[in-house]
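1. Turn this into a structure:
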Amino acid sequence: QVQLVESGGGLVQAGGSLRLSCVASGDTFSRYVMGWFRQAPGKEREFVAVISRNAVGTLYADSVKGRFTISRDSAKNTVYLRMNSLKPEDTAVYYCAADLNFSGLLHKAGSEYDYWGQGTQVTVSS
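-> I've put the predicted structure just below:
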């Protein structure tokens with residue numbers, strides 16, 4: 001199984017940027033499709049972005065498209081989420097997740113993911 005540890009969260013003003021990192025250990029990183037999700041207080045967890053095993057394919061939630069970029073570095077066993085033009089509504093705990101998936105499909109449903117990190121808090125002030 002794989003262990004996931006996120007970092008990079010914090011407090012930022014609206015319009016600012018952050019880069020989240022998620023380091024994977026315990027298994028071969030390239031076996032996993034990697035996703036980012038978030039959960040705001042009182043709301044359900046929602047999909048943010050996903051990247052394929054070979055980093056060629058990506059999908060984004062409409063709410064972050066054009067502002068967020070997901071990427072991965074196999075040499076560092078790390079997946080990133082670059083967040084630009086942040087808005088107060090982006091405030092949430094952000095989680096990375098790993099999907100042991102050889103189908104090539106990029107899933108938006110959290111139920112498809114096998115492993116989760118502990119989350120990192122992102123707070124955007126207005």
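2. residues in contact with residue 21?
-> Residues counted as contacts of residue 21 (CB atoms under 8 Å, 6 or more residues apart in numbering) are 6-8, 78-80. C-beta here means a position set from N, CA and C on the backbone, and glycine is covered the same way.
3. Tell me the secondary structure at it.
-> Under DSSP: H, G, I helix; E, B strand; the rest coil, residue 21 falls in the strand class.
4. again, but for residue 56
-> coil.
5. swap in the one 10 residues further on?
-> Here residue 66 takes the coil state, with states given by three-state DSSP.
6. Please report phi then psi for it.
-> Dihedral angles of residue 66 (phi, psi; degrees, to the nearest 10) stand at phi 90, psi -10.
7. count of residues packed around it?
-> Neighbours of residue 66 under the rule other CB atoms under 10 Å: 9.
8. follow-up on the earlier one: now render the contacts of residue 21 as CSV, adding neighbour count and distance to residue 41.
-> Compiled in CSV, the contacts of residue 21 are given as follows (neighbours: other CB atoms under 10 Å; distance: CB to CB, whole Å):
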residue, neighbour count, distance to residue 41
6, 22, 18
7, 13, 21
8, 16, 20
78, 18, 28
79, 31, 25
80, 20, 25
